[in-house]
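Novice: with the sequence up front, the predicted model follows.
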Amino acid sequence: MKINELVISCVNISEDGYDYRGTFLLSCEEDEFSSESLEIDLAQFESSLDILHFIKNHFKIEESPPTIKKSIMDKVIEYSGLSSKDVHGENFNQESDALEYSSELDKA
């Protein structure tokens, strides 16, 4: 099997004070919801070579563990949409609040 046949789904990344945690499902493209799916913890995936060897053997992937890791991380980042930006209140619509206050003042 080639690494590009793997599918990433159910990416869940959370952050608590710069402490990021996450999981994702890894499955074969041919049967996305089969029992072949593996739930992978991002912290374990990043820190352990054992998980890469396990993935390689489980899905019978031809590529090397470093290639597998890079490809999976690229897919996780793409799936999770980390390219979105934090707007910090930009485009906040204050008109509706202003209208509520003015209508209450008009009644008084």
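Specialist: Sure thing, it's come through.

Novice: what about the helices in this structure?
Specialist: Along the chain, counting by DSSP state H, helices occupy 42-47, 49-59, 65-80, 95-107.

Novice: dump those helices to a markdown table, plus distance to Y18 and mean pLDDT.
Specialist: For every residue, glycine as well, the C-beta is placed using N, CA and C. Below are the helices of the chain laid out as a markdown table (distance: least, CB to CB, whole Å; pLDDT from 0 to 100):
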| stretch | distance to Y18 | mean pLDDT |
| --- | --- | --- |
| helix 42-47 | 14 | 89 |
| helix 49-59 | 23 | 92 |
| helix 65-80 | 17 | 90 |
| helix 95-107 | 32 | 54 |
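
Novice: do you know which of these lies nearest F24?
Specialist: helix 65-80 (5.6 Å; CB to CB).

Novice: now do that closest one and helix 49-59, the angle between them.
Specialist: When axes from the mean of the first three to the mean of the last three CA atoms, to 10 degrees is applied, the directions of helix 65-80 and helix 49-59 differ by 80 degrees.

Novice: other residues contacting helix 65-80?
Specialist: Here helix 65-80 makes contact (CB atoms under 8 Å, 6 or more residues apart in numbering) with 3-4, 6, 8-9, 11, 13, 22, 24, 26, 42, 45, 49, 52-53, 55-56, 61, 63.
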